[in-house]
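Asker: Build me a model from this:
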Amino acid sequence: ALPAVETQQTSMMGAALLGAELRCGVCGGHLGDVFLDGMLFVGTAAALTGKRYCIDGAALLFEPADGGELVRGDPQTPKSAPELPSWLQPPKIGYPA
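Answerer: Presented below is the predicted three-dimensional model:
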């Protein structure tokens with residue numbers, strides 16, 4: 001295990017099928033999951049260890065070699081409500097004036 005990373009305690013069968021949750025050992029934030037199906041990924045590090053890590057991009061923070069500003073793995077983008085087609089628009093309440 002990595003320092004400051006906690007792995008959810010689960011049965012071997014549960015970890016193989018459903019994965020075990022990885023959390024930050026400092027703040028408890030969700031980092032991703034680890035699965036015990038690494039042997040299926042021939043030619044990768046997962047095949048050697050038997051563990052396949054699925055880390056959420058939002059949990060990553062990259063430090064540029066030049067000392068520049070930190071870069072988030074999953075940048076926050078402003079979310080605007082998508083425009084619904086007319087047939088999905090909610091009905092108007094009341095009568096037109």
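Asker: thinking residue 71 is in contact with residue 65, fair?
Answerer: No - taking contacts as C-beta atoms under 8 Å, residue 71 lies outside contact range of residue 65: 11.5 Å. Bear in mind the C-beta positions are built from the backbone N, C-alpha and C, glycine included.
Asker: Give the residues shared as contacts by those two.
Answerer: Taking C-beta atoms under 8 Å, 6 or more residues apart in numbering as the contact criterion, no residue touches both residue 71 and residue 65.
Asker: More neighbours: these two, which one.
Answerer: residue 71 (11 against 6; other C-beta atoms under 10 Å).
Asker: any low-confidence regions in the protein?
Answerer: Residue ranges of the chain with pLDDT under 70: 1-3, 15-16, 75-78, 95-97.
Asker: All the strands of it, residue numbers only.
Answerer: Here the chain has its strands, by DSSP state E, at 5-7, 20-24, 30-35, 52-55, 61-62, 71-72.
Asker: how about the nearest residue to the residue nearest the centre of the chain, chain neighbours excluded?
Answerer: The chain has residue 56 as the residue nearest its centroid, 2.4 Å off, counting by C-alpha atoms, centre = their mean. Nearest residue to residue 56, sequence neighbours excluded (C-beta to C-beta, 6 or more residues apart in numbering): residue 32, at 4.8 Å.
Asker: who touches the residue nearest to the centre of the chain in this structure?
Answerer: Contacts of residue 56 (C-beta under 8 Å, 6+ apart): 30-32, 73-74.
Asker: Between the residues you listed, which sits nearest residue 18?
Answerer: residue 32 (13.4 Å; C-beta to C-beta).
Asker: That closest one contacts residue 53, correct?
Answerer: Yes - look at residue 32 against residue 53 with C-beta under 8 Å: they come within range, at 6.5 Å.
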